[in-house]
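Participant: This is the structure alone, sequence omitted:
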């Protein structure tokens, strides 16, 4: 045991690191405003259902709970993902122990996951991805427990974890598929001849069933949206970019750690209980590479590879007694702070984030900026209407971020907004007597196909929003609708990713 780690017990050290990760998020939770997805989840939480166009119900439910418990505060909304990051830190240490690591490995695993850019970014706002990462790593931990104990009942827990994940984000199906495929190169297909994996699959399906019922009842809207996403984001360019993007996913300094972890898992002796997880990464990587999936879809598995890499680092440090663990820890934390200052903490001004290439690198930060300015601009156009027009006016937005901002930040000042974007479309059109429309973000030609009179009423100030699609967004006043809302509403439906319009 290295002398500079003897003063702290593993449990106390890991708990301290996890608590520090949570406290950092809580301390900086108000650095920027609401993320557009958070505003959407709050709107969805007000309309609890068994499903939504772009996600199952779990994250909107968390948004509803935070609104009920914490009065809608931004800090309260972001407590759940902050606690999720703390849970990932603890799981990393547990996995390092399962992989055969000692005190140093558990310490390094916890530190790496705590300062990883990937987990810092996703835990900084409420999102399906923040919950998804915890689900994947919990399932991976249960897989290790299964393989170490050879007790098939662990498949029931794995199925339960995947089933809960399917109530949050459908990408957990990638983990399930990768787990099944990885049984082949790991030479563990014998499990499929037992009833336990099938019982676990039945548990997962039972937990997913309510959302599947909702999908069927609403015409499988998520399938339509996924097809749109594949068309917009897939292709050769996405596939070519997928692998290089993985190097910076956790932050470039940590790439050697997870690469060493992957190598250690894949090179484990045949029959080693954790070898399977290395092949799970390879299988999911291959599927996403072929499909041109988003780079961060693979992200949760770095919560497994980093602990494996920490075990490799422990052996490496043991052969180099001249290298201080404190120095290594300081280096890891230092690079993490640099990345965290940009992505999580309000360390850079919005002016810097509007400058290429930082505007692209800080896209998640950008999605948290300027929503109050959007609401003010729409409110100005609405208040400029004659009183008789305001009494019969509706607000129509091009995307759910604008609608969520108006609904949450403009409550009591503006009519409840409507939008054709994703689940807002399912929530329906304005009342038929609303024949004056304040519309934001639309192309004029599209509105002219719906209304006979379309006039520019203002724009969102370009310098008050970081989100590119909101900079200078036009605000229109529309009259003389070319049909009833029942006739116009089907033409407004758009199932697509945010910002892709």
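Facilitator: Everything's here; your move. Quantities reported herein were computed from a predicted structural model and do not represent experimental measurements. Numbers count the residues shown, from 1 in each chain.

Participant: what about the helices in the stretch 201-350 of the chain?
Facilitator: Secondary structure of the stretch 201-350 of the chain, counting by DSSP state H, counting those that start in this stretch: helices at 221-233, 236-247, 255-266, 275-291, 302-318, 325-343, 350-353.

Participant: Highest mean neighbour count out of the ones you listed?
Facilitator: Each of the helices of the stretch 201-350 of the chain was scored by mean neighbour count; the highest is helix 302-318, a mean of 25, by mean count of other Cβ atoms under 10 Å. For glycine as for every other residue, the C-beta is placed from the backbone atoms N, C-alpha and C.

Participant: average pLDDT across that one?
Facilitator: Average pLDDT, helix 302-318: 91.

Participant: relative to helix 275-291, how tilted is it?
Facilitator: 130 degrees (axes from the mean of the first three to the mean of the last three Cα atoms, to 10 degrees).

Participant: how far out from the middle of the chain is helix 302-318?
Facilitator: Put simply, helix 302-318 sits 25 Å off its chain's centre (Cα atoms, centre = their mean, to the nearest Å).

Participant: again, but for stretch 173-192
Facilitator: Remark: stretch 173-192 is offset 25 Å from the chain centroid, using Cα atoms, centre = their mean.

Participant: before we move on, back to that, can you put the helices of the stretch 201-350 of the chain in TSV and add distance to residue 435?
Facilitator: Listed next are the helices of the stretch 201-350 of the chain as TSV, based on distance: least, Cβ to Cβ, whole Å:
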stretch	distance to residue 435
helix 221-233	28
helix 236-247	43
helix 255-266	57
helix 275-291	44
helix 302-318	52
helix 325-343	45
helix 350-353	38
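
Participant: Neighbours of residue 160, how many?
Facilitator: 18 (other Cβ atoms under 10 Å).

Participant: Identify the residues contacting the spatially closest residue to it that is not a sequence neighbour.
Facilitator: Closest residue to residue 160 apart from its sequence neighbours, by Cβ to Cβ, 6 or more residues apart in numbering: residue 203 at 5.4 Å. If you count contacts by Cβ atoms under 8 Å, 6 or more residues apart in numbering, residue 203 has them with 156, 159, 160, 163.

Participant: cool, residue 459 as well?
Facilitator: Contact partners of residue 459, counting by Cβ under 8 Å, 6+ apart, are 377, 472, 473, 474, 475.

Participant: if we can go back for a sec, go through the helices of the stretch 201-350 of the chain and name the closest to residue 456.
Facilitator: The closest of the helices of the stretch 201-350 of the chain to residue 456 is helix 350-353. By Cβ to Cβ, the value is 25.7 Å.

Participant: Distance of the residue nearest to residue 160 relative to residue 215?
Facilitator: 19 Å (Cβ to Cβ, to the nearest Å).

Participant: Name the residues of stretch 490-501 that are buried.
Facilitator: 492, 493, 494, 495, 496, 497, 498 (16 or more other Cβ atoms under 10 Å).

Participant: mind listing the strands for the chain?
Facilitator: 393-397, 418-419, 436-440, 451-459, 474-481 (DSSP state E).

Participant: Now do the third one: distance to the chain's middle.
Facilitator: A distance of 31 Å separates the C-alpha centroid of strand 436-440 from that of its chain, computed with Cα atoms, centre = their mean.

Participant: Run me through the strand neighbours of that strand, direction for each.
Facilitator: strand 393-397 (parallel), strand 474-481 (antiparallel) (DSSP bridges).

Participant: Likewise for the fourth one?
Facilitator: Pairing partners of strand 451-459, with direction, according to DSSP bridges: strand 474-481 (antiparallel).

Participant: and the partner strand, average pLDDT?
Facilitator: Regarding strand 474-481, the rounded mean pLDDT is 96.

Participant: picking up where we left off before, out of the strands of the chain, nearest to residue 221?
Facilitator: strand 418-419 (14.5 Å).

Participant: Now tell me what touches that closest one from outside.
Facilitator: Residues contacting strand 418-419 (Cβ under 8 Å, 6+ apart): 394-400, 402-403, 424-425, 427-430, 492.

Participant: Next, report how far that strand is displaced from the centre of its chain.
Facilitator: For strand 418-419, the separation from the chain centroid amounts to 23 Å (computed by Cα atoms, centre = their mean).

Participant: For it, give the mean pLDDT please.
Facilitator: Strand 418-419 comes out at a mean pLDDT of 97.

Participant: so what's the residue most central in space within the chain closest to, chain neighbours aside?
Facilitator: The residue lying closest to the centre of the chain (Cα atoms, centre = their mean) is residue 129, at 2.5 Å. Nearest residue to residue 129 in three dimensions, chain neighbours excluded: residue 122, at 4.9 Å (Cβ to Cβ, 6+ apart).

Participant: What number of residues are in the vicinity of the one you found?
Facilitator: A count of nearby residues for residue 122, using other Cβ under 10 Å, gives 27.

Participant: Nothing else from me, thank you.
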